[in-house]
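J.: This is the structure alone, sequence omitted:
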Ligand SMILES: NC(=O)c1ccc[n+]([C@@H]2O[C@H](COP(=O)([O-])OP(=O)(O)OC[C@H]3O[C@@H](n4cnc5c(N)ncnc54)[C@H](O)[C@@H]3O)[C@@H](O)[C@H]2O)c1
């Protein structure tokens, strides 16, 4: 068997970010047409340009995943452009601010939940009917190591990623007999802008030494590269993973083994 997505259509949310761009490029490299979604227009257009420069087919749609009408619009854009959705990388996320629970601003809690939980829910709500009509599809939600393990001062993020696993499992059960698989990836630290922002907020001294200390606690001694997470996501979306559904798959260099 070969990893071959020729003729398939994928949607990637958060496609302007580290993991989203890596998975969009990886899907394009194995033949998929990719609809790119991000709130940040410039970053999304940059991913579109990179795919086109490699000879792939991509279309960027600016959207906020926490708004139902905008999610409906990007689902319709994919169907209008290419007539189907085979793969959905439900990946956009935000870390929120860094505060203890008692100091956490209520509106900030709602914002984290809005993007990470409501956004993932809306993606499932509007993409799954298209896949059900086809009798085929694969969804990969981006959860986190934070779906299993808490981090001080990242309470809403931690809760939101636990919730992503709950949505993943529920969706998987609901569509298991309809030719659709739904899984989640649960990465430990990945070297992206999100992690750099968290580290800048957490570091009392040098960010570099915080990174070195953190990396040293990981059994293989380093953070993940976005492309490594992308490889797992492509595998889960492929026929190689044909009997895997309802799972959170950890990718973390051996942490918590
Ligand atoms: N970087 C890590 O260490 C790490 C670890 C575990 C899980 N994750 C998860 O991976 C996913 C991707 O994060 P990343 O590390 O690539 O971060 P990133 O900041 O590089 O990318 C996130 C992207 O999501 C977009 N986005 C944010 N809010 C959005 C919204 N409301 N609508 C549409 N797009 C929105 C941002 O503009 C950005 O381009 C997130 O769900 C994150 O929680 C990251």
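T.: Good, I have the coordinates. Not measured: the values here are computed from a predicted model. Numbers count the residues shown, from 1 in each chain.
J.: who are the neighbours in contact with residue 228?
T.: Contact analysis of residue 228 by C-beta atoms under 8 Å, 6 or more residues apart in numbering lists 190, 251. Using the backbone N, CA and C atoms, a C-beta is placed for each residue, glycine as well.
J.: Tell me how far it lies from residue 222.
T.: From residue 228 across to residue 222, the span is 10 Å (C-beta to C-beta, to the nearest Å).
J.: how about the helices in the chain?
T.: In the chain, the helices defined using DSSP state H lie at 18-29, 41-53, 68-82, 106-113, 119-134, 155-175, 193-202, 207-216, 226-237.
J.: Buried residues of the last one, list them for me.
T.: Right, helix 226-237. By 16 or more other C-beta atoms under 10 Å, the buried positions in helix 226-237 come out as 226, 228, 229, 230, 231, 232, 233, 234, 235, 236, 237.
J.: restrict those residues to those near the ligand?
T.: The subset of those within reach of the ligand, by C-beta under 6 Å from any ligand atom, is empty.
J.: To residue 59, which of the helices of the chain lies closest?
T.: helix 68-82 (5.8 Å; C-beta to C-beta).
J.: Including distance to residue 92, could the helices of the chain go into JSON lines?
T.: Formatted as JSON lines, those follow (distance: least, C-beta to C-beta, whole Å):
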{"stretch": "helix 18-29", "distance to residue 92": "7"}
{"stretch": "helix 41-53", "distance to residue 92": "11"}
{"stretch": "helix 68-82", "distance to residue 92": "10"}
{"stretch": "helix 106-113", "distance to residue 92": "12"}
{"stretch": "helix 119-134", "distance to residue 92": "6"}
{"stretch": "helix 155-175", "distance to residue 92": "11"}
{"stretch": "helix 193-202", "distance to residue 92": "11"}
{"stretch": "helix 207-216", "distance to residue 92": "24"}
{"stretch": "helix 226-237", "distance to residue 92": "14"}
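J.: which of the ones you listed is buried the deepest?
T.: helix 18-29 (a mean of 26; mean count of other C-beta atoms under 10 Å).
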